[in-house]
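> sharing a sequence plus its predicted fold:
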Amino acid sequence: MTPPAEPRATPDSTGPEDTTPGHPAAGAAPADGPPAGCLEASCPGGGGCLGAARTGTVCAGSGCPGSDGTGTGRPAAARRPGTGCGEAGRPAGEGSVGGGPAGSGTECPCAACGATGDGAETPEGDAAIEGFATTGLVGPWATAGDGTGGAAGLTGDDRELLVRLLRLPTAGPLEGGDGDRTNRLCEAQLAYAEHAAAFGMRVVRHAPAVRADVERGPVPAVVRAALDRPEFLADQPNLVLRLGPDGVPGARTVMFNVHLDTVAGEQPVSFDGARFHGRGAIDAKGPAVALLAGIRSARARRPAIGRDVGVLVQAVAGEEGGAMGVFGTRPLVQAGYTGRLNVFCEPTGGRFLARCTASMTARVVVEGTDAIDDRPGEGHNASVLLGFLAQWLGHALDPYAARAAVCVAGLRTGARHNKVYGSGALSLNLAYSSMDAGRRMEREVEAALHGGLDAFAARFADTMLFARTAADAHAITRLEWLKRGLPVLDDRHAWGHALLQRAGIPSWPPDEPAFTCDAIWMSQIPGTCTVVLGPGDLAANNAHADGEFADAADLAAFADAVSRLLIAFTDDSNGAP
């Protein structure tokens with residue numbers, strides 16, 4: 001879905017104003033758009049209007065999904081504070097944040113409070129999730145933690161949001177293939193923003209990266225090849241949410257990064273009361289929803305959060321598909337949407353990981369002459385040559401596997417049984433833990449390939465079938481680098497690590513291999529601490545595989561960890577609880 005052409009609001013002290021042509025500052029809604037204060041200016045989303053700042057007014061913008069399509073608008077009654085609530089007549093995020101009518105001690109049905117009372121209206125259209133009530137939840141959908149004190153947990157609304165997100169396909173074009181337009185990432189981000197707005201978070205940016213920003217650094221070949229398609233970036237926006245006023249400095253801000261794009265391969269969506277199944281359940285829609293639950297809980301327990309301590313949430317595109325965050329996380333980091341503490345939400349088993357590898361992708365290409373099966377020796381046999389090189393390179397690079405992942409990946413020539421294929425390619429994906437290690441790996445790959453070609457030429461020179469291939473092996477083979485030169489993360493910020501430990505979050509074992517994620521783009525931001533933290537395990541939870549799942553208990557535990565971390569950060573910043 002093509003996102004709006006402009007961000008919803010200007011960045012603040014932790015993110016300079018976007019002055020890119022076509023991206024006006026917030027508040028400058030189109031003349032025919034929603035009234036001032038509406039968060040959905042010109043948005044074609046469809047997940048439901050965030051509504052005229054939830055004041056109970058009517059949004060009449062013809063471009064707003066809150067409109068009924070006639071330009072006359074739709075009442076925001078489903079999001080209006082309840083009678084007697086401290087939120088009545090005030091935009092979401094101001095005033096009290098939970099618990100019900102001011103001073104009454106009872107539950108309030110208003111979304112601005114984030115409570116789970118029984119008076120809220122059911123969302124209209126596709127905002128409702130088939131098969132699940134949105135209010136009066138019982139059994140597995142009952143509130144596991146009300147966000148107003150004590151341990152954080154997932155409410156019925158949180159669980160409902162996660163099921164909805166799992167049902168929205170958000171695999172990007174690098175995962176889905178050319179011409180795929182089923183990506184509903186923008187709609188997922190709108191639903192996510194609406195849920196966060198219920199406890200005061202607001203949209204400060206919702207727009208795709210522009211090409212100039214993407215090209216401010218190394219770009220994987222797969223991304224560079226796609227940039228000429230106008231819809232490639234337009235269909236993959238990035239969302240930034242903020243809790244707290246614009247004036248909160250970066251030194252008093254925590255940034256969380258989570259990706260809502262997924263790998264390809266839809267999975268059946270279900271929740272049985274204990275376990276969520278679906279694509280993205282653990283990587284990373286489940287952690288994304290648990291993150292909001294943790295922020296909500298922390299704010300209820302420490303009023304300073306959202307007042308003099310800020311929280312940013314980046315909900316990005318472009319983490320999967322080999323994009324490496326170059327049109328998702330990297331432009332947001334470069335624009336200043338960061339904090340003193342930065343947490344990237346990926347599965348780590350609840351332990352904080354302070355180091356991330358980067359990866360480079362090499363492709364060995366053979367371009368020779370085909371032959372027919374009756375005269376196979378007259379052409380070049382790319383299948384035999386590349387198969388030999390795959391074994392040779394795998395053996396030569398094996399010593400590096402003790403320090404980082406070495407993947408001898410796909411080999412492609414052709415599928416016909418009666419043809420000798422003269423051309424083909426072999427791919428390798430190679431992780432490295434430091435820039436020096438990456439440069440050594442590049443040299444090793446180049447040297448190993450040269451040695452492999454020499455060995456092939458010597459071994460097959462006297463054969464009838466492969467003599468021509470052996471003689472021309474060096475001439476018809478070349479090495480391409482599709483991706484290299486990316487930074488690594490090696491965070492050694494003693495203050496941040498001590499803070500995480502005080503919050504009861506253990507560190508990743510030093511002898512356990514790290515992995516690659518978008519946190520690498522924080523490596524050159526001075527004065528910050530960056531870690532990776534999330535529930536579950538990529539392998540054990542079947543991320544990127546059939547049967548992907550997330551346990552509700554693990555998501556609740558992550559929400560509680562987020563809450564404890566924000567409280568510890570706030571107390572450290574303020575000097576006292």
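All right, it came through fine.
> residues in contact with the spatially most central residue of the chain?
With distances taken as C-alpha atoms, centre = their mean, His259 lies nearest the centre of the chain, 1.1 Å away. By C-beta atoms under 8 Å, 6 or more residues apart in numbering, the contact set of His259 is 284, 315-320, 328-329, 518. For glycine as for every other residue, the C-beta is placed from the backbone atoms N, C-alpha and C.
> let's see it at 7 Å
284, 316, 319, 328 (C-beta atoms under 7 Å, 6 or more residues apart in numbering).
> who does it form a beta bridge with?
Beta-bridge pairing of His259 under DSSP bridges involves Val316.
> coming back round to it: ok, so of the contacts of His259, who is nearest Ala401?
Ala401 lies nearest to Glu319 out of the contacts of His259, by C-beta to C-beta, at 24.5 Å.
> if I look at Leu449, how far off is Arg478?
With distances taken as C-beta to C-beta, to the nearest Å, Leu449 is found 9 Å from Arg478.
> please apply the same query to Ala234.
For Ala234 relative to Arg478 (C-beta to C-beta), the value is 34 Å.
> who has more neighbours, those two?
The neighbour comparison of Ala234 against Arg478 (other C-beta atoms under 10 Å) goes to Ala234, with 16 against 12.
> show me what counts as buried in the longest helix seen in the chain.
When the chain is parsed with DSSP state H, its longest helix is helix 435-460. Judged by neighbour count (16 or more other C-beta atoms under 10 Å), helix 435-460 contains these buried residues: 437-438, 441-442, 444-445, 448-449, 452-453, 456-457, 460.
> tell me what it is packed against?
The helices and strands touching helix 435-460, judged by 3 or more C-beta pairs under 7 Å, 6 or more residues apart in numbering; DSSP states H and E, are strand 358-367, helix 382-397, strand 423-432, helix 467-471, helix 473-476, strand 477-483.
> and of those, who's closest to Ala539?
strand 423-432 (15.4 Å).
> keeping just the C-alphas, turn that closest one into CSV.
What follows is strand 423-432 as a C-alpha-only set of coordinates in CSV (Å, rounded to 0.1, in the frame of the first residue of the first chain):
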residue,chain,number,x,y,z
SER,A,423,26.5,-20.3,-17.2
GLY,A,424,25.4,-20.2,-13.5
ALA,A,425,26.1,-18.7,-10.1
LEU,A,426,27.0,-19.6,-6.6
SER,A,427,26.2,-17.4,-3.6
LEU,A,428,27.9,-17.1,-0.3
ASN,A,429,26.8,-15.1,2.7
LEU,A,430,29.6,-14.3,5.2
ALA,A,431,29.3,-12.7,8.6
TYR,A,432,32.1,-10.8,10.3
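> in its sheet, what does that strand sit against?
In the sheet, strand 423-432 lines up with strand 358-367 (antiparallel), strand 406-412 (antiparallel) (DSSP bridges).
> can you list contacts of it?
Contacts with strand 423-432, where a contact means C-beta under 7 Å, 6+ apart, come from 357-368, 382-383, 386, 389-390, 393, 404-413, 438, 441, 488, 516.
> just stretch 402-410 next, same as before
Contact partners of stretch 402-410, identified using C-beta under 7 Å, 6+ apart, comprise 357, 390, 393-394, 397, 400, 427-433, 513.
> mind running it again at 6 Å?
Defining contact as C-beta atoms under 6 Å, 6 or more residues apart in numbering, one finds that stretch 402-410 is touched by 357, 390, 394, 397, 400, 427-433.
> just stretch 555-572 next, same as before
Contact with stretch 555-572 is made by 144, 151-154, 254, 286, 290-291, 293-294, 297-298, 302, 304-305, 309, 341, 499, 502-505, 535, 577, as judged by C-beta under 6 Å, 6+ apart.
> sorry, back to before: any idea which of the buried residues of helix 435-460 is closest to Asp472?
The shortest approach to Asp472 among the buried residues of helix 435-460 belongs to Ala457, at 8.9 Å (C-beta to C-beta).
> please name the residues that touch that closest one.
Neighbouring residues of Ala457 by C-beta under 6 Å, 6+ apart: 470, 473.
> leaving aside the residues adjacent along the chain, what's closest to Ala304?
Thr570 (5.2 Å; C-beta to C-beta, 6 or more residues apart in numbering).
> element containing that neighbour?
According to DSSP states H and E, Thr570 maps onto helix 552-574.
> restricting to C-alpha, output that helix in CSV.
Taking Å, rounded to 0.1, in the frame of the first residue of the first chain, the C-alpha atoms of helix 552-574 are listed here in CSV:
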residue,chain,number,x,y,z
ALA,A,552,2.2,-15.4,25.3
ALA,A,553,4.2,-15.9,28.5
ASP,A,554,7.5,-14.9,26.7
LEU,A,555,5.9,-11.8,25.2
ALA,A,556,4.5,-10.8,28.7
ALA,A,557,8.0,-11.4,30.2
PHE,A,558,9.5,-9.1,27.5
ALA,A,559,6.9,-6.4,28.2
ASP,A,560,7.8,-6.6,31.8
ALA,A,561,11.5,-6.3,31.0
VAL,A,562,10.8,-3.2,28.9
SER,A,563,8.8,-1.7,31.7
ARG,A,564,11.6,-2.4,34.3
LEU,A,565,14.2,-0.9,31.9
LEU,A,566,12.3,2.3,31.3
ILE,A,567,11.7,2.7,35.0
ALA,A,568,15.4,2.1,35.7
PHE,A,569,16.4,4.7,33.0
THR,A,570,13.9,7.2,34.4
ASP,A,571,15.1,6.8,38.0
ASP,A,572,18.8,7.1,36.8
SER,A,573,18.0,10.2,34.8
ASN,A,574,16.0,11.9,37.6
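> figure out how far that helix is from the centre of its chain.
Offset of helix 552-574 from its chain centre (C-alpha atoms, centre = their mean, to the nearest Å): 20 Å.
> for the closest residue to Val248 other than its chain neighbours, give its distance to Thr253.
Nearest residue to Val248 in three dimensions, chain neighbours excluded: Gly310, at 3.5 Å (C-beta to C-beta, 6+ apart). Gly310 sits 4 Å away from Thr253, going by C-beta to C-beta.
> of all the contacts of His259, which two lie farthest apart?
Ala284 and Gly328 (12.1 Å).
> ok, back up a step: give the buried subset of the contacts of strand 423-432 as a ChimeraX selection command.
The buried subset of these, as determined by 16+ other C-beta under 10 Å, is captured in ChimeraX by this line:
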select :357,358,359,360,361,362,363,364,365,366,368,382,383,386,389,390,393,404,405,406,408,411,413,438,441,488,516
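> so where's the stretch 201-350 of the chain uncertain?
Within the stretch 201-350 of the chain, no stretch has pLDDT under 70.
> would you map the helices across it?
Along the stretch 201-350 of the chain, counting by DSSP state H, counting those that start in this stretch, helices occupy 211-214, 221-226, 230-234, 285-301, 329-334.
> from these, which stretch is densest packed?
helix 285-301 (a mean of 28; mean count of other C-beta atoms under 10 Å).
> now the angle between helix 552-574 and it, please.
Inter-element angle recorded for helix 285-301 and helix 552-574: 40 degrees (by axes from the mean of the first three to the mean of the last three C-alpha atoms, to 10 degrees).
> in which helix or strand would I find Glu160?
Glu160 belongs to helix 156-167, assigned by DSSP H and E.
> just the angle between that helix and helix 552-574, please?
110 degrees.
> got the buried residues for helix 156-167?
Quick answer for helix 156-167 (16+ other C-beta under 10 Å): 156-167.
> kindly report the same for stretch 390-402.
In terms of neighbour count (16+ other C-beta under 10 Å), stretch 390-402 has its buried residues at 390, 392-393, 396-397, 400.
> same check on stretch 366-378?
Within stretch 366-378, the residues scored as buried using 16+ other C-beta under 10 Å are 366, 368-371.
> which of these lies closest to Leu239?
Among these, and counting by C-beta to C-beta, the member closest to Leu239 is Val366, at 43.3 Å.
> check what pLDDT that closest one gets.
pLDDT, Val366: 98.
> is it in a bridge, and if so with what?
Beta bridges link Val366 to Gly424, Thr477, judged by DSSP bridges.
> show me what contacts it?
Contact partners of Val366, counting by C-beta under 6 Å, 6+ apart, are 382, 385-386, 423-424, 476-477.
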